[in-house]
Each structure stands twice: as structure tokens, then as C-alpha cells.
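In: Could you look at this predicted model? Sequence included:
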Amino acid sequence: MTDRIYYGEPARRAFDAVVTRALEYGGRPAVHLDRTAFYPTSGGQPFDTGRLGDVDVVEAVDEDEAILHVLSAPIAEGAAVHGDIDWPRRFDHMQQHTGQHVLSAAFDRVFDNRTTSFHMGADSATIDLAREMTAVEVERAVDEANRVVWEDRPVSIRMVSAEEAATLPLRKEPVRSGLLRLIEIADFDLSACGGTHVARTGEIGIIAVSAVERFRGGSRLTFLCGGRALRAFRLQRDALAGSVRHLSVLPHELPGAIERMQHEHKQARKDLARLQQQLAVHEASRLLTRARDVDGVRVVVEALDAWDAAGLRAIASGLTAHERVAAALFTSTAPVAAAIARSSGVNLDANAVLRTLMGAFGGRGGGRPDLAQGAGLTGDVADIVDAAKTALTVALR
């Protein structure tokens, strides 16, 4: 059985131990120790990493009676080792986990809304609440949670029997039996928990909820504590500063400026589409003067500068509005877009021609016998144009 130092001393950064068993886990070397400060994945909290001597501990796994330490290199059974915890990672987890206790207790005390699950990721953590919360209610609970953080209340650990726990005002009923480890935030929360926690709420720093969404009839909250909240603030500060600088507006004017830009962009796209349609008629007439004759069909095969896929389609439609025309049009830069079209009555399957080109140059697309469009063709544009000329000639004869 492994003596779990982190239960009583969550702030312990180093320890000495003896390897009681050397084994493999998932094809990697691993060991059991007689005692450890490495926390394994459990209760929504990720595992600790660090070192045993000169060997990296890359994962810690709870095997009930023992903690399995997955290593970067083998260590012999019976070896005496010195362990060092990756403290920044551990302290980050302690901030998030204790912050979760405070935040969940705030929702429970203010709104009688219990937390149904907790998950801690690498960049943020989430809690799921049984009932849906409004934005105003969330902020009220967050304010209450931060009040408790800034009051720097003590966070204590005690071990009790299941019978004793049954007489205590626990926030939620324990899922384990036997001896229970309780985490108490003075005059605010009492919960059974095996995770690592800070010694005082002030070490949490701040609790910030960054997102709220509906989830299974309740609410899922994404939150950040301490160092994570500071990093998120810096990221958002830099993004905000860059945005207001480029848009030449004040911070409070940014939402309105973005809304105006979106409206202007939408209108510009409509105007561009209208102008492309008008220009496509003239471009089709110009290209038709350069058509070559293949068995009485005027064939146009061109790579066009400054036209997108929608423009190619418009030009192709303009060309095939004339009688006895077949066209293969391409953008001039890779990845290449294509439009294959033919006039009514011309014996040509545009989709079959496109499939031939995609077989040689990749890409995706499809369509009808009279009009097919593709995108993502790769290779030299001149080679694609030559292949299209050949394909159309073969198809028309």
C-alpha cells in the first residue's frame, strides 16, 4: 500500500521513498513506491508530473492500494529515490480545485443549485449545475465566491468515519464509504474530497467564469482561477488592445465597430457578386472571340486571373448562353477551382470531364452534365489547362 503524502500535505514538493515494485504500464516503465506525493488522476483533477531522481514521472495512476508512477526510464526495485513534484502544475491544480469548491458552494448556498460534475482541463475547468442559471445569477454567485476568496479563509483537512460524516453538514453526500477525507472552507463549505487544495482561500487569487452554456437541463460553467485567470486576462487584454488600435476606436466602441464591419462586409459581398455578374457577361463575350472550333463546337479553355469560383460559374453561364459552346475555366492560382459547362444540345458530359481532371490533379467537386464545378485541383495551372483541352477534344469527337 502506498502512503499518500498529498492527503495530509498537499503543499509538499519533495519527498524520499523506496521502490517497492518495478513493472510496465502500457509498454512504458513504471514503479510503485512505499510513499508518494504524486497525485494520480482522480475526482476531475489531473495527475501530477515531476521527477524521481533523474527520471521523469510522466503520469500517476491510482490503482486503489498503490499509486503507479509511469516513467521515462526504468528504476530498479528496491532503489531509494528522491521525488520532486512539478510545483507550478500542482499549485495550478490546487487553485482550480479549491476554486471549484468555493464556486460550487456559492451556487449551492445562494441558489440551492448543486454541482453535478467537475472537470479540470489544461487551460480551464468546468462545473455542471443541476439547474439552468441566468447571466445575472451567475455573476451574483461569482461575486459571492470571490468574497470568500478575498477574505482569505482557512482551508483545513480532516479524516472522519462514514458514521461521523453522516452527522455533518456536507454539501453533497459522499460517494465513498469507510474513512473519509473532508475539505473544510471555514464557515462556507464542507465536502468529502481526495484532491489537493490550497491552505487559505486567498491563494486562489480570483475566480472568473469565462463561459456559460445550457447543458442537459442545467448549466455548464467554464471557469479559471488564479494564474489561469491572469493568463486569460493578458491574452484578452492584448487582443482587445490590438483590435481597438487597428479599428481606431475606444474599447467600449469595439462591439459596435465590429457590427458595422460585418454589415459593410456583407454588403460588399453582395455588391461584388452583382458586379461580377455584370462583368462576367463582358468577359464571356471576350473569351468567345478566342474560342477554337472542335467539330462545330466553339471551345473555350482558360485560366483567369482575379476570378473566384463564383465568378467562373457566372462566366461559364454567360458562355453557354450562346449556342454550340463548351467551356473549361480555371482560377490562375493553386489550389485551382474549375467550372466545366456546355450549351444545350452539345453532346458533352461536363461532370465526366471534371472527374477526368480530378483523377489527374486531385480535388473535389461534381455537378450535372451541363455544368460541373470543382475545387482543390493541384499542379501546374498550365498542365491543368492542357489536360482540359485534351479532355474536351476527346469528349466532343
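Out: Thanks, I have it.
In: Need the mean per-residue confidence for the helix or strand hosting residue 283.
Out: Taking DSSP states H and E as the definition, residue 283 sits inside helix 254-288. Model confidence over helix 254-288, given as mean pLDDT, is 86.
In: Near the residue lying closest to residue 317 once chain neighbours are set aside, how many other residues are there?
Out: Nearest residue to residue 317, sequence neighbours excluded (Cβ to Cβ, 6 or more residues apart in numbering): residue 341, at 7.0 Å. For every residue, glycine as well, the C-beta is placed using N, CA and C. A count of neighbours around residue 341, defined by other Cβ atoms under 10 Å, yields 29.
In: repeat for the one 3 residues further on
Out: Other residues within reach of residue 344 by the criterion other Cβ under 10 Å amount to 10.
In: Surely it is within a strand?
Out: No - read with DSSP: H, G, I helix; E, B strand; the rest coil, residue 344 is coil and lies in no strand.
In: which SS state does residue 202 fall under?
Out: Looking at residue 202 with three-state DSSP, the answer is helix.
In: how about the strands in the stretch 51-200 of the chain?
Out: With DSSP state E, counting those that start in this stretch, the ranges of strands along the stretch 51-200 of the chain come out as 55-62, 67-71, 80-85, 115-120, 125-129, 155-160, 180-185, 189-192.
In: Over to the stretch 251-397 of the chain?
Out: 292-294, 297-304, 325-331, 336-342, 364-367, 371-377.
In: Tell me which of these sits most buried.
Out: strand 336-342 (a mean of 28; mean count of other Cβ atoms under 10 Å).
In: Determine the longest strand present in this protein.
Out: strand 14-25 (DSSP state E).
In: now that one, how far from the centre of its chain.
Out: 35 Å (Cα atoms, centre = their mean, to the nearest Å).
In: ditto for stretch 98-107
Out: 25 Å.
In: Next: stretch 186-205.
Out: With Cα atoms, centre = their mean, you get 29 Å for stretch 186-205.
In: Select, out of the strands of the stretch 51-200 of the chain, the one closest to residue 383.
Out: strand 55-62 (49.3 Å; Cβ to Cβ).
In: Neighbouring strands - and their directions - for the closest one?
Out: strand 50-52 (antiparallel), strand 67-71 (antiparallel) (DSSP bridges).
In: Dump the ones you listed into TSV; add distance to residue 266, mean neighbour count and mean pLDDT as well.
Out: Converted to TSV, the strands paired with strand 55-62 look like this (distance: least, Cβ to Cβ, whole Å; neighbours: other Cβ atoms under 10 Å; pLDDT from 0 to 100):
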stretch	distance to residue 266	mean neighbour count	mean pLDDT
strand 50-52	53	20	97
strand 67-71	53	23	96
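In: among those strands, which is nearest residue 300?
Out: That would be strand 67-71 among those, by Cβ to Cβ, at 64.7 Å.
In: I figured residue 292 hits residue 325, correct?
Out: No - between residue 292 and residue 325 there is no contact under Cβ atoms under 8 Å: 11.4 Å.
In: which residues touch residue 298?
Out: 288, 291, 292, 322, 324, 325, 326 (Cβ atoms under 8 Å, 6 or more residues apart in numbering).
In: Contacts only, for the last one.
Out: By Cβ under 8 Å, 6+ apart, the contact set of residue 326 is 294, 297-300, 320, 341-343, 346, 348, 392, 396.
In: Can you tell me the closest non-neighbouring residue to residue 354?
Out: residue 372 (4.2 Å).
In: Hmm, residue 356 and the one you found touching each other?
Out: No - at 10.8 Å, residue 372 does not count as touching residue 356 under the criterion of Cβ under 8 Å.
In: ok, back up a step: next, find the distance separating the residue nearest to residue 317 from residue 24.
Out: Distance, residue 341 to residue 24, using Cβ to Cβ, to the nearest Å: 63 Å.
In: thinking again about what came up before, packing partners of the longest strand of the chain?
Out: strand 28-33, strand 35-36, strand 67-71, strand 80-85 (3 or more Cβ pairs under 8 Å, 6 or more residues apart in numbering; DSSP states H and E).
In: out of those strands, nearest to residue 49?
Out: strand 80-85 (8.1 Å).
In: Residue ranges in the stretch 101-250 of the chain under the pLDDT threshold?
Out: The model of the stretch 101-250 of the chain has no residue with pLDDT under 70.
In: how about the helices in it?
Out: Assigned by DSSP state H, counting those that start in this stretch, the stretch 101-250 of the chain shows helices spanning 135-150, 162-165, 226-247.
In: Could you check the last one and say which residues are buried?
Out: Right, the one you point to is helix 226-247. 226, 228, 229, 244 (16 or more other Cβ atoms under 10 Å).
In: Please produce JSON lines containing those residues, extended by distance to residue 360.
Out: Shown next, in JSON lines, are the buried residues of helix 226-247 (distance: Cβ to Cβ, whole Å):
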{"residue": "226", "distance to residue 360": "57"}
{"residue": "228", "distance to residue 360": "51"}
{"residue": "229", "distance to residue 360": "54"}
{"residue": "244", "distance to residue 360": "50"}
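In: Okay then, goodbye and thanks.
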